[in-house]
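Asks: Structure, please.
(one chain, ligands or ions: 1)
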Amino acid sequence: MRDLTNEIVELIRRTSSSLPPDVEKRLKESIEKEAPGSAARGALETIMKNIELSRANSTPICQDTGTPIFYVHYPVGWSTIQLRKQIRAALEEATKKSFMRPNAVDAIYDKNTGNNLGGDDFPYIHFEEIEGNDLVIELMLKGGGCENVGRQYSLPDNSLGAGRDLAGVRKAVLDAVQKAQGQGCAPGILGVSIGGDRGSSYIKSKEVLFSEMGTRNKDPKLAELEERLTSEANEMGIGPMGFGGKTTVLDTKITGLSRLPASYFVSVSYMCWAYRRRKMTVKGEQVIYD
Ligand code: SF4
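Replies: Below you'll find the predicted structure:
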């Protein structure tokens with residue numbers, strides 16, 4: 001089987017140092033919405049300068065290079081054992097090259113492994129066998145600060161007056177944004193999952209963040225809620241980094257799951273402005289990066 005270690009190092013370098021064009025475009029558009037001379041505008045301008053510098057110098061966009069989350073879509077015939085080894089070797093190499101900060105800390109012994117490798121859980125790697133011939137590896141780097149402000153709700157929630165319906169989901173998501181304030185490094189992107197069990201609900205709320213900015217759910221009810229939540233979150237006045245202003249949330253993505261009759265979970269994964277996600281596609285001998 002082909003060794004893709006070097007190509008995966010390059011995927012990690014790009015993800016860590018160069019924000020995707022759709023994210024950069026949305027951040028640029030937000031500057032114009034903020035008043036000249038305001039702290040909000042200043043924060044967004046600083047973010048934009050930071051993005052340019054990181055890209056030019058291949059340095060991490062943020063000092064926290066986050067949890068590496070890999071999604072591997074592989075055609076029949078590839079070995080997931082080999083792919084896992086290659087991904088782990090690439091992450092170790094990317095850490096040596098300072099594209100990544102060593103971020104894997106043993107939770108029991110409080111010791112940083114120094115090479116970004118923990119047990120099978122770090123990096124997180126999800127494999128999915130697919131039809132066709134192309135291998136696709138997606139990578140998201142999810143910062144710790146924004147992860148800390150993610151929340152899960154079990155509806156009904158009487159303290160919020162939130163029942164088991166989309167009106168209740170709306171209250172839960174807005175509560176998460178209100179509680180996050182600027183601490184998740186706003187402006188953020190909301191990944192929301194409705195249903196599932198506690199585990200699947202959180203996983204899907206992150207998975208939905210792999211889709212492009214502005215991509216709407218095919219279900220018109222959920223698409224409408226996505227738009228509404230973004231606009232209502234932006235009316236809260238929290239603003240970039242919590243400085244006040246009109247840009248608190250850049251986009252909202254929702255996914256609906258099946259649930260048990262007994263439970264109704266709503267999970268909110270908050271992604272910071274450093275919305276680092278990239279993809280590589282292996283087409284025969286060619287490797288294409290997006
Ligand atoms: S939340 Fe995001 S922007 Fe803030 S420190 Fe963490 S990775 Fe950096």
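
Asks: Please enumerate the strands of the protein.
Replies: Assigned by DSSP state E, the chain shows strands spanning 67-75, 105-106, 111-112, 124-130, 135-142, 151-154, 188-194, 249-256, 265-271, 276-283, 286-289.

Asks: Any chance of CSV for those strands, columns mean pLDDT?
Replies: Shown next, in CSV, are the strands of the chain (pLDDT from 0 to 100):
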stretch, mean pLDDT
strand 67-75, 98
strand 105-106, 97
strand 111-112, 98
strand 124-130, 97
strand 135-142, 98
strand 151-154, 98
strand 188-194, 98
strand 249-256, 98
strand 265-271, 98
strand 276-283, 98
strand 286-289, 98
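
Asks: which stretches of the stretch 151-290 of the chain aren't confidently modelled?
Replies: Residues of the stretch 151-290 of the chain meeting the criterion pLDDT under 70: none.

Asks: contacting residues around the residue in the chain that the ligand sits nearest to?
Replies: Nearest to the ligand in the chain, going by Cβ to the nearest ligand atom, is residue 143, at a distance of 2.3 Å. Placement of C-beta: from N, CA and C, glycine included. The neighbours of residue 143, taking Cβ atoms under 8 Å, 6 or more residues apart in numbering as the test, are 62, 64, 66, 185, 271-272, 274.

Asks: so how far is residue 235 from it?
Replies: 25 Å (Cβ to Cβ, to the nearest Å).

Asks: ok so, going back, for the contacts of residue 143, pick the one with the most neighbours.
Replies: Ranked by the number of neighbours (other Cβ atoms under 10 Å), the contacts of residue 143 place residue 271 first, at 30 neighbours.

Asks: Tell me which residues touch residue 89, please.
Replies: Contacts for residue 89 (Cβ under 8 Å, 6+ apart) come out as residue 5.

Asks: To what extent is the spatially closest residue to residue 128 that is not a sequence neighbour buried, counted in neighbours?
Replies: Using Cβ to Cβ, 6 or more residues apart in numbering and skipping residues adjacent in sequence, the residue nearest residue 128 is residue 73, 5.2 Å away. Neighbour count for residue 73, taken as other Cβ under 10 Å: 18.

Asks: show me what contacts residue 73?
Replies: 128, 130, 135-138.

Asks: If you rank these by neighbours, which is first?
Replies: With neighbours taken as other Cβ under 10 Å, the top of the contacts of residue 73 is residue 137, carrying 24 neighbours.

Asks: Could you count how many residues lie near residue 200?
Replies: That count, for residue 200 with other Cβ under 10 Å as the rule, works out to 17.

Asks: With adjacent residues omitted, what lies nearest to it?
Replies: In space, residue 200 is closest to residue 257, 6.5 Å off (Cβ to Cβ, 6+ apart).
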